[in-house]
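Visitor: Predicted model and sequence follow; I will ask about them next.
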Amino acid sequence: MSDLCLSIYQINIRSLIAKNHGIEYVVSTISPDIIVGQNTWLGNARLSPHIQGYKWYGKDRINNDGGGVGFYIRRK
């Protein structure tokens, strides 16, 4: 992608842990600058999956199942 463009991939992931391979496929095919995910379902005790070349920023739902949002931001 051009340095003048910002590519964002948004998904209602419904369990980041279970769908991590799908996110890795997106990264390998379209390499977005930002990946936005809702319903990450990570909870307060889980770590987000590592994706090479990206940094995770997230907010998990505390004391409830489901929910949570997060971003993977591509490192340059």
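Guide: That came through, no problem.
Visitor: where does this structure dip in pLDDT?
Guide: Along the chain, segments meeting pLDDT under 70 span 1-3, 44-46.
Visitor: any idea where the strands of it begin and end?
Guide: Taking DSSP state E as the criterion, the chain carries its strands at 8-12, 34-38, 54-59, 69-74.
Visitor: isn't Leu6 right up against Arg74?
Guide: No - here Leu6 lies out of contact with Arg74, judged by C-beta atoms under 8 Å, at a distance of 10.1 Å. Placement of C-beta: from N, CA and C, glycine included.
Visitor: Residues in contact with both of the two, list them for me.
Guide: Common neighbours of Leu6 and Arg74 are listed as Asp33, Ile34 (criterion: C-beta atoms under 8 Å, 6 or more residues apart in numbering).
Visitor: The two - which one has more neighbours?
Guide: Counting neighbours by other C-beta atoms under 10 Å for Leu6 and for Arg74 shows that Arg74 has the greater number, 16 against 10.
Visitor: Quick one: residues contacting the more buried one.
Guide: By C-beta under 8 Å, 6+ apart, the neighbours of Arg74 are Ser31, Pro32, Asp33, Ile34, Gly53, Tyr54.
Visitor: Quick check: the gap between the fifth one and Ile30.
Guide: Which is Gly53. Here Gly53 is placed at a distance of 13 Å from Ile30 (C-beta to C-beta, to the nearest Å).
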